[in-house]
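Visitor: make a model of this:
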Amino acid sequence: MSRFNQLLHKQFLFDSFPNLVIAIGFLFIFAILLIIGRRIDSALKLERLGIPISILFGIFALLIGPHGPIPLFPESITDIWIKLPTPLLTLVFATLMLGKPLPSGNGLWQPVASQGLLALLLGFGQYLIGGIVLLLFLIPYQGVDPLMGCLIEIGFEGGHGAASVMGQSLERLGFPEGLDLGLAMATVGLLSSTLLGSGLVVLSRIFGWIRFDLDESSKDIPLEQKFSIGQKLKDFAVNLALVGLAVFCGVILLVFVRIVGRFLGGTFDEVLSVFPVFPLALLGSLLIRFVLEKFERTELVSEILQREIGILSTDLLITTAMAGLDLPLLLNDWIPLSLLSLSGLVWNLFGMFLFSRFLFNEHWFERSIIEFGNATGVAASGILLLRLADPRDKTNTLPIFSIKQLFLQPFLSGGLITVIAPIFIIKFGLIGWTEICGILTLSFIIISILVKFEEYQVPLENSKL
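Guide: Numbers count the residues shown, from 1 in each chain. Alright, predicted model coming up:
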């Protein structure tokens with residue numbers, strides 16, 4: 001690096017340092033307010049009704065953000081927050097397997113397989129629906145680029161992170177608008193997942209789809225333990241260190257995976273070079289939990305604190321993601337965006353309310369609402385909706401979903417299939433890709449109808465590997 005470039009780099013760091021301090025400072029304030037706010041009685045009542053407090057904070061942050069009616073926050077601050085969803089999601093995944101006993105290998109296959117089948121059906125169905133909408137309406141009447149058929153999966157399944165990464169790939173393939181349109185689609189997906197999903201949780205209680213006592217969540221943790229983060233700093237430090245260790249294991253695994261990708265070359269290298277760390281952080285939490293159980297030191301980890309760390313990370317993720325939403329993007333190309341968003345949303349709802357009934361013998365709503373959140377927004381949105389529907393995880397949906405993510409994340413939601421799809425469309429055409437996704441989707445539908453998975457008999461929390 002030349003002396004001139006070194007000076008420019010130092011000047012950039014000097015200029016951006018105050019913004020970084022301000023962004024972290026406000027993030028810390030939001031975290032304190034979220035911790036306190038979640039324990040206010042009115043906020044607890046709202047969450048029991050399906051209105052998460054993180055949504056309220058996110059709306060407030062959006063209103064005072066650079067694109068809101070009261071732009072108090074400059075864009076330089078929200079630009080920093082936009083980069084936070086991936087680290088925060090990594091913390092969420094790092095806490096998933098630490099706080100509970102490891103599930104049984106014998107009783108795990110069938111629920112994970114049925115959960116994965118619904119995820120595959122929704123994911124490939126989004127490509128199918130996107131291709132049909134383009135071929136029948138948007139290409140003949142709007143003249144849009146065929147690569148727009150990938151936007152539902154990129155924006156809904158992948159979220160803002162996948163949209164940012166794939167935007168660069170779409171630009172190289174001759175679709176420079178892909179970045180902005182992908183971010184706009186991710187915006188619609190995030191808002192739809194959290195707002196509509198919260199409304200579905202409310203309806204689930206009205207129609208009896210879930211049998212959860214509205215006062216049950218407040219009885220879950222004794223009052224003296226609710227503030228354990230402030231009262232037991234030592235326990236909090238130990239649990240936070242375990243989370244950090246799980247993340248560190250994920251980072252080491254990610255380095256190894258990317259080194260392997262370089263030797264494989266081609267598409268594998270392209271996919272693995274942008275592979276996120278959070279699925280591997282989940283594997284790291286699994287490894288740490290295994291070691292703790294192996295050496296009988298599980299008393300070091302607190303289920304309550306792990307849940308609190310995961311919940312706070314989820315709340316901050318939703319808040320910061322909504323604060324940085326660029327609403328003016330929705331005004332550009334609003335017709336194709338509206339058609340694609342609406343069709344993708346209808347498909348996800350269709351899969352949730354119809355196909356889940358074939359796949360899940362028990363707890364169909366809890367098992368499907370987390371998949372709806374993941375397939376419409378991001379994984380954290382699905383976890384947030386599950387927390388509203390089943391705050392004590394009595395249905396054991398969270399470990400099932402987490403392990404399913406470990407296997408499917410490399411393919412969908414910014415994985416191998418997400419990267420291959422636009423390349424295939426360029427080389428073989430949108431019709432060919434839509435036909436392939438149609439065959440796969442139809443296959444998953446047939447399997448979901450013909451094969452009735454027998455649900456596990458032994459409760460997962462009482463079993464061991």
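Visitor: could you use CA atoms for every contact and neighbour count after this?
Guide: Will do.
Visitor: thought residue 167 was touching residue 184?
Guide: No: assessed by Cα atoms under 8 Å, residue 167 is found out of contact with residue 184, at 11.6 Å.
Visitor: between the two, tell me which one has more neighbours.
Guide: residue 184 (29 against 22; other Cα atoms under 10 Å).
Visitor: so which elements touch whichever helix or strand the more buried one is part of?
Guide: Following DSSP states H and E, one finds residue 184 within helix 178-191. Using 3 or more Cα pairs under 8 Å, 6 or more residues apart in numbering; DSSP states H and E as the contact test, the elements touching helix 178-191 are helix 151-152, helix 159-172, helix 334-350.
Visitor: who wins for proximity to residue 365 among those helices?
Guide: For the helices and strands packed on helix 178-191, the distance to residue 365 is smallest for helix 334-350, at 11.6 Å, taking Cα to Cα.
Visitor: following that closest one, which helix or strand comes up?
Guide: helix 356-359.
Visitor: could you point out which element follows that following helix?
Guide: Criterion used, DSSP H and E; the element after helix 356-359 is helix 364-376.
Visitor: does residue 418 touch residue 154 like I think?
Guide: Yes: applying Cα under 8 Å, one finds residue 418 in contact with residue 154, separated by 6.8 Å.
Visitor: compare neighbour counts for the two and give me the winner.
Guide: residue 154 (33 against 24).
Visitor: any low-confidence regions in the stretch 251-400 of the chain?
Guide: Low-confidence segments of the stretch 251-400 of the chain (pLDDT under 70): 267, 270-271, 274-275, 324-327, 329-330, 332.
Visitor: again, only using 90
Guide: Counting by pLDDT under 90, the stretch 251-400 of the chain contains low-confidence residues at 254, 257-283, 285-286, 290, 293-337, 354-363, 377-400.
Visitor: tabulate the CA atom coordinates of stretch 196-214 in PDB.
Guide: The C-alpha trace of stretch 196-214 is given here as PDB (Å, rounded to 0.1, in the frame of the first residue of the first chain):
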ATOM      1  CA  LEU A 196     -48.600 -10.500   9.100                       C
ATOM      2  CA  GLY A 197     -47.000 -13.300  11.100                       C
ATOM      3  CA  SER A 198     -47.800 -11.500  14.400                       C
ATOM      4  CA  GLY A 199     -51.400 -11.200  13.200                       C
ATOM      5  CA  LEU A 200     -51.500 -14.900  12.500                       C
ATOM      6  CA  VAL A 201     -50.300 -15.700  16.000                       C
ATOM      7  CA  VAL A 202     -53.300 -13.600  17.300                       C
ATOM      8  CA  LEU A 203     -55.700 -15.500  15.000                       C
ATOM      9  CA  SER A 204     -54.200 -18.800  16.200                       C
ATOM     10  CA  ARG A 205     -55.300 -18.200  19.700                       C
ATOM     11  CA  ILE A 206     -58.700 -17.100  18.600                       C
ATOM     12  CA  PHE A 207     -59.300 -20.200  16.500                       C
ATOM     13  CA  GLY A 208     -57.500 -22.500  18.900                       C
ATOM     14  CA  TRP A 209     -54.700 -23.500  16.600                       C
ATOM     15  CA  ILE A 210     -52.400 -23.300  19.600                       C
ATOM     16  CA  ARG A 211     -53.200 -24.000  23.200                       C
ATOM     17  CA  PHE A 212     -51.100 -21.500  25.000                       C
ATOM     18  CA  ASP A 213     -52.200 -19.800  28.200                       C
ATOM     19  CA  LEU A 214     -51.700 -16.000  27.700                       C
END
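Visitor: just the buried positions in that stretch, please.
Guide: Neighbour-count burial for stretch 196-214, counted by 16 or more other Cα atoms under 10 Å, picks out 197-198, 200-202, 204-205, 210, 212.
Visitor: show me how far it is from its chain's centre.
Guide: The chain centroid and the centroid of stretch 196-214 are separated by 21 Å under Cα atoms, centre = their mean, to the nearest Å.
Visitor: now swap in stretch 176-185 and tell me
Guide: Distance, centroid of stretch 176-185 to centroid of chain: 19 Å (Cα atoms, centre = their mean).
Visitor: same question, stretch 124-137
Guide: 23 Å.
Visitor: please apply the same query to stretch 182-189.
Guide: On Cα atoms, centre = their mean, the centre of stretch 182-189 falls 13 Å from the chain's centre.
Visitor: for residue 85, give me its contacts.
Guide: Residue 85 sits next to 161, 317-318, 320-321 when contact means Cα atoms under 8 Å, 6 or more residues apart in numbering.
Visitor: try residue 88
Guide: Here residue 88 is in contact with 313-314, 316-317 (criterion: Cα under 8 Å, 6+ apart).
Visitor: check which helix or strand residue 58 maps to.
Guide: Assigned by DSSP H and E, residue 58 falls in helix 53-63.
Visitor: can you name every helix or strand that that helix contacts?
Guide: helix 3-37, helix 41-48, helix 303-323.
Visitor: past that helix, which element shows up next along the chain?
Guide: Taking DSSP H and E, what comes next after helix 53-63 is helix 75-81.
Visitor: show the average pLDDT along that next one.
Guide: Mean pLDDT, computed over helix 75-81, is 78.
Visitor: tell me which residues of that helix are tucked away?
Guide: Buried, per 16+ other Cα under 10 Å, within helix 75-81: 77-81.
Visitor: ok, those residues vs residue 37, which is closest?
Guide: Of the buried residues of helix 75-81, the one sitting nearest to residue 37 (Cα to Cα) turns out to be residue 81, at 21.0 Å.
Visitor: and the closest one, what does it touch?
Guide: Here residue 81 is in contact with 23, 320-321, 323-324 (Cα under 8 Å, 6+ apart).
Visitor: can you give me the helices for the stretch 201-350 of the chain?
Guide: Under the criterion DSSP state H, counting those that start in this stretch, helices of the stretch 201-350 of the chain are mapped to 216-220, 223-226, 228-231, 233-264, 266-273, 278-294, 303-323, 334-350.
Visitor: in the fourth one, what's buried?
Guide: Residues of helix 233-264 classed as buried under the neighbour-count rule (16+ other Cα under 10 Å) are 235-236, 239-240, 242-251, 253-254, 257-258, 261.
Visitor: what packs against it?
Guide: By 3+ Cα pairs under 8 Å, 6+ apart, helix 233-264 packs against helix 85-96, helix 228-231, helix 266-273, helix 278-294, helix 303-323.
Visitor: and of those, who's closest to residue 118?
Guide: helix 278-294 (18.7 Å).
Visitor: which residue sits closest to the residue most central in space within the chain, ignoring its sequence neighbours?
Guide: For the chain, residue 379 is the residue whose C-alpha lies nearest the centre (Cα atoms, centre = their mean; 1.9 Å). Closest residue in space to residue 379, ignoring its immediate chain neighbours: residue 373 at 6.8 Å, by Cα to Cα, 6 or more residues apart in numbering.
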